[in-house]
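> Okay, predicted coordinates and the sequence, questions at the end:
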Amino acid sequence: MGRDRFPVDPRRASVLGEIHARPFPLLSLPRAIVTIAFMTEDGGERDREVLAELSRRQGVPPPALDARTHGFVFGQGRLRWERHTEFSTYSWDGPAPERFGQPVTGHPFGAEFEAPGPMMAGVHIEIRQKSASDEAALKSFDRSSYCCSNMDGGLAMAATDFRQDADGLTRMLVLSDGLTPARAGALAMRLVDLEVYRTLALLGLPLAHDVGPAIEVLEGQLVKITDEMKGGSEDSRALLQELTLAAAEVEATAARVLYRFGASRAYDDIVRERLAAVGEQTVPGSESWSAFLQRRMAPAMRTCLSVDRRLAVLSEKLSRAANLLRTRIDVELEHQNRDLLSSMDRRARLQLRLQQTVEGLSVAAIGYYVVGLFGYVAKALEKEGFPVSATMLTAGFVPVALLGVWTVVRRIRRSHTD
């Protein structure tokens, strides 16, 4: 089948390329790896400028704007750049110094290197063939935080104290007992990831400590408001305003910690995955990497989780309290509406009585006016010789006039009612 036979989804190349985005380097021993992670707080703009300038100095075309990885030869080694969500890593592997602990030379992170952002993590790994002299170098680690484990099915021993050297890099020593170049590269990258991601995972802890007191104040405010509600406070609208302000502050705090706590959980999961991938085996008399990291990281992760849960519970309780308070206000409004309707009903009855009184008076007044007009007619008839006097005619016309006026007013009222 030809390549051009089917239409290709534009996302296919990116998806297929992701599988090969981070190949393990092939490391011939002894080898040194220096990796530094920088935060990209400006969206990576400064990072791309630094990488482009570094590439041009080595006679290499800079990467495309949407590239996530880039690599080229630098000195006697190779530099590899990777862009991540909120940080980028510069990793160089080259010849190891004669003895562990000596400065590594030939890497690009000298005086001429311009950092693309704040440095977050740095790793200095040396992978050497197992020998008596290199085993003696294990004694250079700080014994208070010394970790040593057999890895990759016993083909290597990895040691560190998670302390930083004069350059701010965490030192690690790997002693090979049969690692192939491919397996050495895979182990080195996993150990680098352990240091980088465990550092990033702990970024949520300072934020948890920062928002903890504010959450405690909000919890106390919720208790105060609910106690006033239970005590039957009459100022429900003021309590509702306090609840609304407290809920808004909780939501603002939750939005502030949402990304950081989520990222910390994701980074912690990556650390666990890398620990599982290195095939760690305990060395008698030494603390393992997983035991050390679990002991140091688990409390921090639990603190972040606790703060996250407190925020979620506080938001839910504030919402419930606000709903209860709104219900109370609605009931109060219903009582006020009921009293208002009763008052309006009383006014309507009074108005009806007044209207009936006015109608009676208006019938009498209109009737009097009609009878007066008829009196002129009666007087005229009397002058013309009508046998009945004007007074008798007028008197006889009074009931007729009142009945007629009353009938007309009644019809008008009925038409208005309809």
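Nice, I can see it. Residues are numbered from 1 along each chain as shown.

> Which parts of this protein are strands?
Here the chain has its strands, by DSSP state E, at 31-39, 69-74, 77-83, 87-95, 119-129, 147-151, 156-164, 170-176, 281-282.

> how's this protein carved up into domains?
23-188, 204-338, 351-417 (automatic domain parsing).

> one step back: dump the strands of the chain to a markdown table, plus mean neighbour count and distance to Leu314.
Yep, even glycine has a C-beta here, placed from its N, CA and C like the rest. What follows is these, written out as a markdown table (neighbours: other Cβ atoms under 10 Å; distance: least, Cβ to Cβ, whole Å):
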| stretch | mean neighbour count | distance to Leu314 |
| --- | --- | --- |
| strand 31-39 | 24 | 30 |
| strand 69-74 | 16 | 43 |
| strand 77-83 | 20 | 37 |
| strand 87-95 | 22 | 31 |
| strand 119-129 | 21 | 31 |
| strand 147-151 | 22 | 38 |
| strand 156-164 | 20 | 35 |
| strand 170-176 | 23 | 38 |
| strand 281-282 | 14 | 42 |
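
> still on that earlier bit, can you tell which of the domains of the chain is closest to Arg198?
Closest to Arg198 of the domains of the chain, according to Cβ to Cβ: domain 204-338, at 5.0 Å.

> mean pLDDT for the domains of the chain: which is lowest?
Among these, domain 351-417 carries the lowest mean pLDDT, at a mean of 76.

> next one: that one to chain centre, how far?
83 Å (Cα atoms, centre = their mean, to the nearest Å).

> Same question for stretch 142-161.
39 Å.

> cool, stretch 8-24 as well?
30 Å.

> Helices of the protein, start to end?
Taking DSSP state H as the test, the helices found in the chain are 12-19, 45-57, 132-136, 181-201, 204-230, 236-277, 289-383, 390-417.

> For the second one, list every residue counted as buried.
By neighbour count on 16 or more other Cβ atoms under 10 Å, the buried set for helix 45-57 is Arg46, Asp47, Arg48, Val50, Leu51, Ala52, Leu54, Ser55.

> okay, Arg3: pLDDT?
58.

> ok so, going back, now that we have the helices of the chain, can you turn them into a markdown table and tack on distance to Gly154?
Below are the helices of the chain laid out as a markdown table (distance: least, Cβ to Cβ, whole Å):
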| stretch | distance to Gly154 |
| --- | --- |
| helix 12-19 | 29 |
| helix 45-57 | 39 |
| helix 132-136 | 15 |
| helix 181-201 | 12 |
| helix 204-230 | 35 |
| helix 236-277 | 15 |
| helix 289-383 | 15 |
| helix 390-417 | 103 |
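
> Can you tell me which of these is packed in deepest?
helix 181-201 (a mean of 22; mean count of other Cβ atoms under 10 Å).

> ok and it relative to strand 147-151, angle-wise?
Counting by axes from the mean of the first three to the mean of the last three Cα atoms, to 10 degrees, helix 181-201 lies at 140 degrees to strand 147-151.

> roughly how far is helix 181-201 from the heart of the chain?
For helix 181-201, the distance to the chain centre is 30 Å (Cα atoms, centre = their mean).

> Ok, stretch 280-290 next?
Distance, stretch centre to chain centre, for stretch 280-290: 39 Å (Cα atoms, centre = their mean).

> And the helices of the chain: which comes nearest Val174?
Of all the helices of the chain, helix 181-201 comes closest under Cβ to Cβ, at 6.6 Å.

> now that closest one against strand 77-83, angle please.
40 degrees.

> tell me what helix 181-201 is packed against?
Other helices and strands packing on helix 181-201, by 3 or more Cβ pairs under 8 Å, 6 or more residues apart in numbering; DSSP states H and E, are strand 31-39, strand 87-95, strand 119-129, strand 156-164, strand 170-176, helix 236-277, helix 289-383.

> mind redoing it with 10 Å?
strand 31-39, strand 87-95, strand 119-129, strand 147-151, strand 156-164, strand 170-176, helix 236-277, helix 289-383 (3 or more Cβ pairs under 10 Å, 6 or more residues apart in numbering; DSSP states H and E).

> and the ones you listed as TSV, adding distance to Val405?
Listed next are the helices and strands packed on helix 181-201 as TSV, based on distance: least, Cβ to Cβ, whole Å:
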stretch	distance to Val405
strand 31-39	96
strand 87-95	97
strand 119-129	100
strand 147-151	113
strand 156-164	109
strand 170-176	110
helix 236-277	55
helix 289-383	5
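
> picking that back up, redo the strands of the chain as JSON lines? Include distance to Pro23.
Output for the strands of the chain, formatted as JSON lines (distance: least, Cβ to Cβ, whole Å):
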{"stretch": "strand 31-39", "distance to Pro23": "15"}
{"stretch": "strand 69-74", "distance to Pro23": "9"}
{"stretch": "strand 77-83", "distance to Pro23": "10"}
{"stretch": "strand 87-95", "distance to Pro23": "12"}
{"stretch": "strand 119-129", "distance to Pro23": "17"}
{"stretch": "strand 147-151", "distance to Pro23": "20"}
{"stretch": "strand 156-164", "distance to Pro23": "20"}
{"stretch": "strand 170-176", "distance to Pro23": "19"}
{"stretch": "strand 281-282", "distance to Pro23": "26"}
